[in-house]
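1. Here is a sequence with its predicted model. Questions after.
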Amino acid sequence: TGRYNSAKEYKISQKMLVIDKAGVHNRKVLDVIKESSQQDPLNPMMVGDIADMPYVLEREESTLPQHARPELGALVNKPSQWILKYLEDCYTPDNAHGVFQHTNVQRFAQCISTLCVNIDPTTALLDLHSPMYVLGDIHGNYKDLNYLSKNIIQFNNMKYSASNLLFLGDYVDRGPWSVETAAWILAMKARYPTRVHVLRGNHEFYSVNGDEATYGPGSFFAKCKG
């Protein structure tokens, strides 16, 4: 169209935000992945050999999108598939003890961290075309998100969906399942980079989703710590 040039540079962050019992701090991605691989050799974060990781992380610039870069495609496909399958298995909406029965929170967090580092960044301006389902202001309401996904994504696979998806932002805070909601959207974006599109709302800024004084236990930051 001439209005938007898709051949832009993509940057891979060398650090990641880690939230653990010691607090919130920045760490080198390679260090986190090395530690995880030592603790669990079958960790879905790992694709191939740990010796390959510096090559991936040091490749700071590329003119190719994620789906055209095989080394990053491998790093996002495996954890994104694991997240989607894990959420499907843990989701029990009719269970009296809670909607999610988590069985492996540590691996869930590791896969999310891997995607945060390796999927392509998006822009504030997207040049998209219909047909398109547009979803916004989910705010941690995984029940509605799950209902919509089951009814608009044929066979639970975007490959067979007649329309693409656009999420307008505000995925977290207020609702009870902010982490699961954000993880599902992130995994879908990683799994189907040309068919699932995301924008950033004001609740995707730490100044908002980290505001526990305003949102209390419904804050995304509180959910991450919990």
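-> Received, thanks. Numbers count the residues shown, from 1 in each chain.

2. What ranges does the chain have for its helices?
-> 29-39, 53-58, 70-90, 105-118, 142-152, 178-191, 206-209, 212-215, 220-225 (DSSP state H).

3. For D170, which residues are in contact?
-> G136, D137, I138, H139, G201, N202, H203, E204 (CB atoms under 8 Å, 6 or more residues apart in numbering). Every C-beta, even on glycine, is put in place using the N, C-alpha and C of the backbone.

4. Return the closest of the residues you listed with respect to L75.
-> Nearest to L75 among the contacts of D170: E204, at 22.2 Å, using CB to CB.

5. what's the neighbour count on the residue lying closest to the closest one once chain neighbours are set aside?
-> Residue nearest to E204 in three dimensions, not counting chain neighbours: G169, with 6.0 Å by CB to CB, 6 or more residues apart in numbering. Close neighbours of G169, defined as other CB atoms under 10 Å, add up to 16.

6. list the contacts for G169?
-> G169 makes contact with G136, D137, V198, L199, R200, G201, N202, H203, E204 under the criterion CB under 8 Å, 6+ apart.

7. go with 7 Å
-> Contacts for G169 (CB atoms under 7 Å, 6 or more residues apart in numbering) come out as G136, L199, R200, G201, E204.

8. Now the residues you listed in JSON lines, please, with extra columns for neighbour count and pLDDT.
-> Below are the contacts of G169 laid out as JSON lines (neighbours: other CB atoms under 10 Å; pLDDT from 0 to 100):
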{"residue": "G136", "neighbour count": "13", "pLDDT": "88"}
{"residue": "L199", "neighbour count": "16", "pLDDT": "90"}
{"residue": "R200", "neighbour count": "15", "pLDDT": "88"}
{"residue": "G201", "neighbour count": "20", "pLDDT": "89"}
{"residue": "E204", "neighbour count": "17", "pLDDT": "88"}
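
9. coming back round to it: can you name the two of the contacts of D170 that are farthest apart?
-> Farthest apart among these - using CB to CB - are I138 and N202, which lie 13.8 Å from each other.

10. neighbour-wise, which of those two wins?
-> Neighbour totals were compared for I138 and N202, and I138 leads with 26 against 11 (other CB under 10 Å).

11. for the more buried one, what are its contacts?
-> So I138 contacts L145, D170, Y171, T181 (CB under 7 Å, 6+ apart).

12. What sits closest to the residue most central in space within the chain if chain neighbours are left out?
-> Nearest residue to the geometric centre of the chain (CA atoms, centre = their mean): L186, 2.4 Å. Spatially, and ignoring its direct neighbours in sequence, L186 is nearest to L115 (5.3 Å; CB to CB, 6+ apart).

13. and the one you found, how many neighbours?
-> Burial of L115 is recorded as 20 neighbouring residues (other CB under 10 Å).

14. Look at it and report its pLDDT.
-> L115 carries a pLDDT score of 86 in this model.

15. need the contact list for it.
-> By CB under 7 Å, 6+ apart, the neighbours of L115 are V76, P79, S80, L186, A187, A190.

16. Would you mind giving these as JSON lines with distance to N104 and pLDDT added?
-> Below are the contacts of L115 laid out as JSON lines (distance: CB to CB, whole Å; pLDDT from 0 to 100):
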{"residue": "V76", "distance to N104": "19", "pLDDT": "83"}
{"residue": "P79", "distance to N104": "13", "pLDDT": "89"}
{"residue": "S80", "distance to N104": "16", "pLDDT": "91"}
{"residue": "L186", "distance to N104": "17", "pLDDT": "93"}
{"residue": "A187", "distance to N104": "15", "pLDDT": "93"}
{"residue": "A190", "distance to N104": "19", "pLDDT": "89"}
